[in-house]
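Undergrad: Sequence first, then the predicted structure:
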Amino acid sequence: MKLRLPVSALTDAVSYTAKALPSRAPVPVMLGMLLATGDGSLRLSACDGEVYTSATVSAEIAEDGTALVPGRLLNDICSRLPKSADVDLELVDKGARLAVGCRAARFTLPVLPIDEYPAALPLPEAVATVQADVLADAVAQVAVAASTDTSLPALTGIKMRLDGEALHLDATDRYRMTHKELTVSPTGTLPAPAKRGGKKNGDDEAAALVPAKSLAEAVKALEGEHTLTLHWSQGLLGLSIPGGRTYMTRLLDGEFPKMGGFFDGDWPMTLRLSVAEAVAAIQRVALVATRNTPVRLVVDQNGEQVVVEAGSGDDAQASDRIPAQAAGADTDGACDGLALAFNPAFLVDALKALGTSEADLRVRHPHKPAYLAGRLGDDIDASYQHLVMPVRLSG
């Protein structure tokens, strides 16, 4: 192997590919990044057994070859090289080491045994295309409700379901629930739903349960004003963009909770809020809220302001007021003095995820989930729905 390419191109490709490198590995070879040349380009790949990344970059190839080298070390080296220069890569010492040269700087990296490295997995069949930045925004909106509790692995995922040209994304941690619908261009046939014990797992339609953290990292790394292709098989979800970058992750096992009906029905009480003002007030007041202490939203007598407050008794206390437009009535027939309580972090996450300047907070009852939706002019953004469980107030 002997080649030359711009430092900036190599650094970008190595940095992206390194996202699949494990922080710890049972065997040293799993910490490697595989470099292979062919057709005038260098292909880099890495995996941790769950996530697989690859990137392709053009290069001046003097001699084809492959090498497995310590991935994080190569990433660190590339980050310190002058971005305006070229870098030379060459196998030396009879293929035992990879030499990295850039101007006067020179490094030699040990080569790891390729025969012990896992075989590359093929990218599943393409099922749809979508604008990369649109998918990145959608996943970011939904992922805020995914659980981080690994004892319930199904709740750490985002459920993806393709229905014609509509891609549905769902997540929940039992305290929050999000749903996003976006338009895609189908390109293939989805795999059949997985079956267990002769029964389909979950809904009748095919759906992928994707690790939320992996999916969020992937779409962020691949976002931009270009087309992204979704690839899907029984056990893998893959993403690819023009230029040769791919990202694959294994799907989660388990049954995702059914979410139908939670967003439907009547919402007799609505509070219209400025997102920026509401977020700022909640974050200020939450400074006195100890762990697991909620913030309270209390509608004033005229329905034109909401008092945001936290703390009670001998503890620190805080309050603030923000403008609001209250409409409808609570279950007692009047909106005066309606009090709601929420986990402040959950409420802030929900408001920020809306992506609009105004929000509607819709309520059925102070003890039932509240529905948040962003406003687009005179209408709500029906493509994104967010439910937040309230905290039951004593007394």
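TA: Structure's in. What do you need? Residues are numbered from 1 along each chain as shown.

Undergrad: distance of residue 10 from residue 44?
TA: 9 Å (Cβ to Cβ, to the nearest Å). For every residue, glycine as well, the C-beta is placed using N, CA and C.

Undergrad: more neighbours, the two?
TA: Shown here are residue 10 and residue 44; by other Cβ atoms under 10 Å, residue 10 has more neighbours (28 against 23).

Undergrad: What residues does the more buried one make contact with?
TA: Counting by Cβ atoms under 8 Å, 6 or more residues apart in numbering, residue 10 makes contact with 42, 57, 78, 87.

Undergrad: Next step: the residues you listed restricted to helices.
TA: Among the contacts of residue 10, the members found in helices (DSSP state H) are residue 78.

Undergrad: Return the member of the contacts of residue 10 nearest to residue 139.
TA: Lowest distance from residue 139 to those (Cβ to Cβ) belongs to residue 57, with 25.7 Å.

Undergrad: what pairs with that closest one across the strands?
TA: When assigned by DSSP bridges, residue 57 has beta-bridge partners residue 42.

Undergrad: hang on, isn't it packed against residue 42?
TA: Yes: counting by Cβ atoms under 8 Å, residue 42 is a contact partner of residue 57 at 5.4 Å.

Undergrad: any common contacting residues for these two?
TA: Common neighbours of residue 57 and residue 42 (criterion: Cβ under 8 Å, 6+ apart): 5, 10, 13.

Undergrad: nearest to residue 387, of those?
TA: Nearest to residue 387 among the shared contacts of residue 57 and residue 42, with distances taken as Cβ to Cβ, is residue 13, at 40.6 Å.

Undergrad: Could you report the separation of the residue lying closest to that closest one once chain neighbours are set aside from residue 212?
TA: Nearest in space to residue 13, with sequence neighbours left out and distances taken as Cβ to Cβ, 6 or more residues apart in numbering, is residue 55 at 4.1 Å. Counting by Cβ to Cβ, the gap from residue 55 to residue 212 is 23 Å.

Undergrad: what do you get for residue 324?
TA: For residue 324, the distance to residue 212 equals 32 Å [Cβ to Cβ].

Undergrad: Skipping adjacent residues, who's closest to residue 128 in space?
TA: Sequence neighbours aside, residue 184 is the residue nearest to residue 128 in space, at 4.3 Å (criterion: Cβ to Cβ, 6+ apart).

Undergrad: Quick check: pLDDT value at the one you found.
TA: You'll see residue 184 listed with a pLDDT of 96.

Undergrad: my guess is it meets residue 126, correct?
TA: No: because the distance of 11.3 Å does not satisfy Cβ under 8 Å, residue 184 is recorded as not touching residue 126.

Undergrad: So which of the two has more stuff around it?
TA: Set side by side, residue 184 and residue 126 show more neighbours around residue 184, with 19 against 15, by other Cβ under 10 Å.

Undergrad: and the more buried one, what does it touch?
TA: 128, 129, 130, 162, 165, 166, 167, 230.

Undergrad: Restricted to helices, list the residues you listed.
TA: Using DSSP H, none of the contacts of residue 184 sit in helices.

Undergrad: Just the buried subset of the residues you listed, please.
TA: 128, 129, 130, 162, 167, 230 (16 or more other Cβ atoms under 10 Å).

Undergrad: which one of the residues you listed sits closest to residue 389?
TA: residue 167 (26.2 Å).

Undergrad: just to revisit the earlier point, for the host helix or strand of the residue nearest to residue 13, what does the pLDDT average out to?
TA: Using DSSP states H and E, residue 55 maps to strand 51-58. For strand 51-58, the mean pLDDT works out to 97.

Undergrad: ok now that strand, how far from the chain's centre?
TA: Strand 51-58 sits 20 Å away from the centroid of its parent chain (Cα atoms, centre = their mean, to the nearest Å).

Undergrad: Same check on stretch 250-264?
TA: Here stretch 250-264 is found 17 Å from its chain centre; the criterion is Cα atoms, centre = their mean.

Undergrad: Now do it: everything it contacts.
TA: Contacts with stretch 250-264, where a contact means Cβ under 8 Å, 6+ apart, come from 50-51, 153-157, 159, 170, 172, 177, 179, 201-203, 207-211, 234-237, 369, 371, 385, 387.

Undergrad: Okay, buried residues for the strand holding residue 55 please.
TA: Using 16+ other Cβ under 10 Å as the test for burial, strand 51-58 gives 51, 52, 53, 54, 55, 56, 57.
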